[in-house]
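1. Provided below for reference: sequence and predicted model.
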Amino acid sequence: MSSAPARPSLASDAIASAVVAAFSMTVAVGFVRVFSGWPFLTDMAIVVAVGHGVGLVLRRLRLTPWLAVPATALVLVWTVLAVFYPSTFSWALPTSETWTMLEAELTSVRQEFRTAIAPVDYAGGWNVLAAIGLATSVLLADVFAFRADARAETLVPGGVLFVFVGALGDERLRIASAVLLVGVGVVATVALRWYHAEPGRDQTATTLRRWPVAIGFGLTVALAAGLVGPRLPGADAAPLYETSGGSGSATQIVSPLVDIRSRLTNRSTAELFRVRADTESYWRSSALAEFDGTTWGLPERRLEPVGDALDSPAPRSDNRQRITIGVLGGSVVPAAPERVIAGSPSDGLRWDAGASTLETVDGDLEAGDVIDIVSSAPRLDRETLAAAGSTDFGDPMYTSVPADLPAAVETTARQVTSGATSAYEAALSLQAWFQNEFEYSLEIQPGHGNSAIESFLDDRVGYCEQFAGTYAAMMRTLGIPSRVAVGFTSGIAQGDGEFSVIGRNAHAWPEVWFDGIGWVAFEPTPQRGAPNAESYTGLPPRQDTSATADDVTTGELTPPTNVPPGPESNDSGLEIPDFSDLTPTDGGSNTGATSGTDSTGGGVPWGAMGVIVLLTAVLAGPWLFRFARRQRGTHSVDLQVANAWQRATTAVAAAGVPVRSSDTPLEVAASTAHHFPLVTRPMSSLAEIVTEATYGAEGTTGYDTTGAYGASTISDCRNWAKQIDRTATESLGWRSRLRRYFTSFG
């Protein structure tokens, strides 16, 4: 009762493999949403071609799946390593150096994963991670399609990867890539049905008739999805869970650390706070003075009441600010980068002079909180700064650099500022060098250790922390006190001196100390310029203008009712000016973000994901079990006949037909005709085949031979069993259907 399974022709096998490979390539195209440009596509095409090509060769060699699948996996691993680390190979094999580099880059990606914002550069481990994900998808697709005789199920691994990448990516080619995936997926499904429906027959003769239909159907479905999908209600709604941009409260956009290897950015349009001020400004959160060669951090904290006496003899001007909190969170209050001399509520605010940070002491900020402050800044111009020295802030921390700082940092700083005759000229020279010789980009990957600065100076492209941190380090090598400030650019102007500050306004810039004046901000980051600083920096005000007022994610913020309308005294006895003329422009309330994912923060919701995975397993488990059971022994005609008969008898039994283990197939068919006549014909036909296969002299020999109409006896058996199962299921009520789904595994 056995015979060798029919073998597809080489042409049929090659065509089916090519179609599945085409689907894998459309999955690879989806990486355009997380990578800048298209350099990734060549490497991904190599992975696809090798994976599906090796699978085809091993099938033609009739290698058992127990050997073929691990062999394909090993070849894919070798391919990924050879593509990205060829210089570490010896005699065409990976070495310990290969695995060390792989581990280092994947560790780097794991550390960045929760804070990186797409698009990222196709390097630094992201490229390897993408190739590993695609290789896994290719391997599973090939196994499903050609080892488990699956059809649409073949698309599941690639589809999952595509959705995951899309969730992390930006909006680039969002609809186009999805349309391409749907269209090719439909064609692949049709191709696999054709491939598996007619085993043992040279299918090339039917290609001209079938493929135009498959391609036309795929195009129709893809175009319909592309036109209808984006127009469905809620298609443009905010995500249920924000997958990019880090975790925790929005305060973490401005970390108390600035790492030259990391990325101070949150590209969201959630409104963090609003500020109405006398003068437009950058809004500083903290100033970082401790430098270890890679990271700038906060010095020792010394909180004191706001408004302590100023010791600067330079002429100064005040800037009144009313700040209404949105989703900022944390305890740090952003303010103009000057000395805060007054604040309300004064009993809840403290000033950290070492870090130039204003903080609340009564708990974290909440949406709707209103804080009134006055900052005092020196009036700056070129002549005043040129005449001022920059020798000693009074703490060696502000000129110290680590002993292992690369010598190239100081060498480059001295070369760039060789013509400067004062600290101010040195600051301007270094600022101009960065502005003119470097490129601003958020798509750069981190370096490693102190080489991060050297890599940045060599590549001459980076983002704000790299510019601010490297500028301040270079100034210190010249003996000029410097530090790094973190905060926000001015934000989106709302009129009447009000600005909406959103996530993408997060920024870092350097500050330089001038004797008798204080800390002065400079701007080395290209495409950026601080407001009201053009008189001494020579740079016009510039910031990220990619968001408009219409883009901002806002909600209703109601200011507290206990904000005092007039003067009061703080702990130092300094009178706080009247802020009554700085009432919000909407007549008593201000807008900020109380909705959207940025307000909730939080990391990956592992609990919720675990529940989803568990529910998915419970719901899909019975179907997967039945599918696997039916695939068992598909290369044995005997088992295929037995599986078809078991499926049919289980179905009619659920429909009320009495089936006893002692009954012969023909007796079961007769009982079915009496109790469930809807399936009399297919049940009788299947019973006759089972009887012949069981008691006939030749058993199932020849049952898999294709007949004149393109079908075989075994394919007829499968179709009869499927028809019986479907008819029986449709005859049941929904409760019986549900019970049968979870309890019947035939």
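-> Structure's in. What do you need?
2. the protein - how does it break down into domains?
-> 10-239, 250-580, 611-743 (automatic domain parsing).
3. among those, which is the most enclosed?
-> Ranked by mean neighbour count under mean count of other CB atoms under 10 Å, those are led by domain 250-580, which reaches a mean of 19. In this view, the C-beta of every residue, glycine as well, is placed from N, C-alpha and C.
4. average pLDDT across that one?
-> The average pLDDT for domain 250-580 rounds to 77.
5. quick one: it to chain centroid distance?
-> Relative to its chain's centre, domain 250-580 lies at 29 Å (CA atoms, centre = their mean, to the nearest Å).
6. can you tell me how far residue 325 is from residue 279?
-> Residue 325 sits 21 Å away from residue 279 when distances are taken as CB to CB, to the nearest Å.
7. which helix or strand contains the residue lying closest to residue 382 once chain neighbours are set aside?
-> Nearest non-adjacent residue to residue 382, counting by CB to CB, 6 or more residues apart in numbering: residue 536, 5.4 Å away. Using DSSP states H and E, the element containing residue 536 is helix 534-537.
8. run through who's touching that helix.
-> Here helix 534-537 makes contact (CB atoms under 8 Å, 6 or more residues apart in numbering) with 380-382, 385, 424, 428, 431, 520, 522-523, 529-530, 540-541.
9. could you tell me which of those residues are located in strands?
-> residue 520 (DSSP state E).
10. mind putting the contacts of helix 534-537 into CSV with distance to residue 82?
-> What follows is these, written out as CSV (distance: CB to CB, whole Å):
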residue, distance to residue 82
380, 57
381, 61
382, 58
385, 56
424, 54
428, 49
431, 45
520, 53
522, 46
523, 44
529, 47
530, 49
540, 50
541, 50
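11. gap between the helix or strand that contains residue 141 and the chain center?
-> Here residue 141, judged by DSSP H and E, is contained in helix 126-146. Centroid separation between helix 126-146 and its chain, computed with CA atoms, centre = their mean, is 18 Å.
12. other SSEs contacting it?
-> helix 10-29, helix 40-60, helix 65-84, helix 96-112, helix 156-168 (3 or more CB pairs under 8 Å, 6 or more residues apart in numbering; DSSP states H and E).
13. so that helix versus helix 40-60, what angle?
-> In terms of direction (axes from the mean of the first three to the mean of the last three CA atoms, to 10 degrees), helix 126-146 departs from helix 40-60 by 30 degrees.
14. picking up where we left off before, any chance of CSV for the helices and strands packed on helix 126-146, columns distance to residue 740?
-> Formatted as CSV, the helices and strands packed on helix 126-146 follow (distance: least, CB to CB, whole Å):
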stretch, distance to residue 740
helix 10-29, 33
helix 40-60, 36
helix 65-84, 31
helix 96-112, 45
helix 156-168, 24
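15. what's the closest of those to residue 646?
-> Ranking the helices and strands packed on helix 126-146 by proximity to residue 646 (CB to CB) places helix 65-84 first, at 23.5 Å.
16. residues in contact with that closest one?
-> Under the contact criterion CB under 8 Å, 6+ apart, helix 65-84 has outside partners 43, 46-47, 50-51, 54-55, 58-59, 63, 89, 92, 94, 98, 102, 127-128, 131-132, 135, 138-139, 142-143, 147.
17. CA atoms of stretch 86-93 as PDB?
-> What follows is stretch 86-93, C-alpha atoms only, in PDB (Å, rounded to 0.1, in the frame of the first residue of the first chain):
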ATOM      1  CA  PRO A  86      34.200  39.400   5.000                       C
ATOM      2  CA  SER A  87      37.500  40.800   6.300                       C
ATOM      3  CA  THR A  88      37.300  38.600   9.400                       C
ATOM      4  CA  PHE A  89      37.000  35.300   7.500                       C
ATOM      5  CA  SER A  90      39.800  32.800   7.200                       C
ATOM      6  CA  TRP A  91      39.700  30.200   4.500                       C
ATOM      7  CA  ALA A  92      36.100  31.200   3.700                       C
ATOM      8  CA  LEU A  93      35.000  30.500   7.300                       C
END
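18. residues in contact with that stretch?
-> Against stretch 86-93 from outside (CB under 8 Å, 6+ apart): 81, 82, 94, 95, 97, 98, 101.
19. from those, pick the one nearest residue 416.
-> Taking the contacts of stretch 86-93 together and measuring to residue 416 by CB to CB, the closest member is residue 101, at 33.4 Å.
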